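Visitor: mind looking at a prediction? Sequence and model below.
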Amino acid sequence: MSITDFTIIRRSLTSRLFSTVTTALTVAIAVGMLLVLLAMMDAGKQAFRRGSGDMHLLVTKEPSALVSVLNGIFYAAAPAAPISHAELQRIQSDPRVAMAIPNQQGDSYAGLPVMATETAFFTDFAPTPGEPWEFAEGRVFDKPFEVVLGAKAAEMTGLRLGETIALTHGRAGAEAHVHNEFQYTVVGILEPTGSTHDRTVFTDLIGAWTVHAHDRRLRDNPDAPVTTPDEITDADRLVTGVYIRAAARRGSNASAALAPLAYQLRQQGFMVAEPTKEIDKLFRIVGNINVILVAMAVVVMVSSAVSIMVALYNSMEQRKRQIAVLRVLGASRGRVFGLVLTESAMLGLLGAIGGVLLAILGGFAVAEALRAILGIVVTPVYPPEWILLVIVSAVALAALAGIVPAMVAYRTSVAKSLRPAA
């Protein structure tokens, strides 16, 4: 029965099973790391775009457009500069504006951000284009001192419909204090959207303005009775941002009014951000870090190729007799060279296949961690061309690493290797 080259390579790999497994695992880790990084780079960008939804502009009084987006959409920090009621009315009355949803941030509950807004936030704004809000339980608030919980906020707090809570004025810190005078009732819980809005507590603006009006009155008179919505003034009706959608033809997302509207708002002293552009800018900023991470993964892959070379080179001393026997049985130097080179490539292929499996499992684990911790849904995608390119690269590097041990096998002396041991 003839023995094929594949049989020889298989027996060589299985005879050194521990070395084969550990070397292939090194390649698998490098390949998996590289694929997960590539997938997360694109998936992360798509996840960030979810929160901005179908708005065209975000109008604030923040110092920069990027800060506006980070604070106004992703709740990085509480916006500091307010927009007055008169300014809000001017924006909402502009005929070029089809949607102008005000919101106020700065309060919190159990460490989660609170957004005070209008019911239009749930009817006119979609957190993901084409995917409107849906309620898992309950309804939208329709009067002061009611709250709607994002899916992740409900999960983290364990709150259910009908329960009452007190909101904290400010984020966690020395200046934060709980407004126990005002009890809010949970009336709705949203379905997950895969955006940062899932970690948010939503309430109505009238209630938020009432709470802040009470703060103002307490500063003037510490014994002032609890403020009612009827006692708020225009000076209390402050917002920190406005989600804007410019008027456009039915069925069209583009608007000819967008550019002149944005220009005029900037001339009026507002910070006007286009969320999609700012997110792209953010990823260009962090893109340099991504390049470094990918470069590190490539270095790990190259080091795995070196480990293949070392493993095969170290095995040559023990395999000289085997190689000499093959030569006696008629194998040419070129065939022996090719066997070692193919064995090296096979190690790279086994590691690359294992790396693809690790990448799928690793991507799933990272996505679940982000969903559990931040409420952000990241869906890593592995395009076939990426997988093919990485596998081919791993096999090519492994084959390249096999040249040195293959040369050692090629130059093995039959006479010396078959000489009986002393």
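Guide: Cool, the structure landed.

Visitor: would you map the helices across the stretch 101-250 of the chain?
Guide: In the stretch 101-250 of the chain, the segments counted as helices under DSSP state H, counting those that start in this stretch are 120-123, 151-157, 205-220.

Visitor: show me where the chain has strands.
Guide: Counting by DSSP state E, the chain has these strands, from start to end: 57-60, 97-109, 112-117, 135-138, 146-149, 164-165, 168-169, 177-178, 184-190, 201-204, 241-246, 271-273.

Visitor: can you lay out the helices of the stretch 101-250 of the chain as CSV showing mean neighbour count and distance to Ser255?
Guide: From N, CA and C alone the C-beta is placed, and that goes for glycine too. As requested, the helices of the stretch 101-250 of the chain are exported to CSV (neighbours: other CB atoms under 10 Å; distance: least, CB to CB, whole Å):
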stretch, mean neighbour count, distance to Ser255
helix 120-123, 18, 18
helix 151-157, 20, 31
helix 205-220, 18, 26
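
Visitor: show me the one of the ones you listed that comes nearest Thr379.
Guide: Across these, Thr379 has its closest neighbour in helix 151-157 (16.5 Å, CB to CB).

Visitor: who touches the closest one?
Guide: Identification of contacts with helix 151-157 by CB atoms under 8 Å, 6 or more residues apart in numbering yields 109-110, 112, 136, 149, 159, 189-193, 198-201, 374-375.

Visitor: among those, name the buried ones.
Guide: Listed as buried from those are 109, 112, 149, 159, 189-190, 192-193, 198-201, 375; burial here means 16 or more other CB atoms under 10 Å.

Visitor: follow-up on the earlier one: lowest average pLDDT across the helices of the stretch 101-250 of the chain?
Guide: Of all the helices of the stretch 101-250 of the chain, the minimum mean pLDDT falls on helix 205-220 (a mean of 88).

Visitor: can you count the residues close to Lys143?
Guide: The local packing of Lys143 (other CB atoms under 10 Å) involves 11 other residues.

Visitor: list the contacts of it.
Guide: When contacts are counted by CB under 8 Å, 6+ apart, Lys143 is found next to Asp204, Ile206.

Visitor: again with the one 5 residues further on
Guide: Taking CB under 8 Å, 6+ apart as the criterion, Val148 is in contact with Phe122, Gly138, Val140, Phe141, Val186, Val187, Gly188, Ile189, Leu190, Val201, Phe202, Thr203.

Visitor: same question, Ala166
Guide: Here Ala166 is in contact with Val178, His179, Asn180, Phe182, Gln183, Tyr184 (criterion: CB under 8 Å, 6+ apart).

Visitor: could you turn the buried ones of the residues you listed into a PyMOL selection?
Guide: Only the buried entries of the contacts of Ala166 go into this PyMOL selection, using 16+ other CB under 10 Å:
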select buried, resi 179+182+184
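
Visitor: and which of the contacts of Ala166 is nearest to Arg216?
Guide: For the contacts of Ala166, the minimum distance to Arg216 (CB to CB) is 13.0 Å, reached by His179.

Visitor: my guess is the closest one meets Gly170, correct?
Guide: No: shown here, His179 and Gly170 do not form a contact pair, counting by CB atoms under 8 Å, at 10.4 Å.

Visitor: the nearest residue to Asn180 once chain neighbours are set aside and Ala399, how far apart?
Guide: Here the nearest residue to Asn180 in space, its sequence neighbours aside, is Ala166; by CB to CB, 6 or more residues apart in numbering that works out to 4.8 Å. From Ala166 across to Ala399, the span is 67 Å (CB to CB, to the nearest Å).

Visitor: same check, this time on Leu358
Guide: In this view, Leu358 and Ala399 are 21 Å apart by CB to CB.
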